[in-house]
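# below is the sequence, then the predicted model.
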Amino acid sequence: MSHFYGSMKGSRKEKTCCGHKSTGMTAHIRGWNSGVKIDAYRSKNDLRDMFTIRVTGGSKNPEEVACLEVYQNPNGEFSIYLGEKLRKAFSIKSRPWTKNI
């Protein structure tokens, strides 16, 4: 049975995709110069769902430009972890920077 479920709609019908706890799933939506890559996976230590969002240079340069992670804590709150490049962009000195929402 699937643990992750995704959908995407472009110029045609909506498409869906499933991912399992062991495989997770990835999507990279991009233009020529910019894009976002989203990974959904299950953490190995505490078995919670994790989502990593990476800003990329698009099809021309698919390398990561910036990164943040989102995950749910055992108490039900969500945490957002900013990667190094985003912390620098927002002049955040503490490491790691995590905000509960």
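Great, that's in hand.

# and the lengthiest strand in the chain, what other elements does it pack with?
Identified as the longest strand of the chain according to DSSP state E is strand 61-72. Strand 61-72 sits against strand 35-42, strand 49-57, strand 78-82, helix 84-89, with contacts defined as 3 or more CB pairs under 8 Å, 6 or more residues apart in numbering; DSSP states H and E. C-beta here means a position set from N, CA and C on the backbone, and glycine is covered the same way.

# from the chain's centre, how far out does that strand sit?
6 Å (CA atoms, centre = their mean, to the nearest Å).

# what's in contact with it?
Strand 61-72 is touched from outside by 28, 30, 33, 35, 37, 43, 48-57, 78-83, 85-86, 89, with contacts defined as CB atoms under 8 Å, 6 or more residues apart in numbering.

# mean neighbour count for the helices and strands packed on strand 61-72 - can I get that in a markdown table?
Compiled in a markdown table, the helices and strands packed on strand 61-72 are given as follows (neighbours: other CB atoms under 10 Å):
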| stretch | mean neighbour count |
| --- | --- |
| strand 35-42 | 17 |
| strand 49-57 | 17 |
| strand 78-82 | 16 |
| helix 84-89 | 14 |
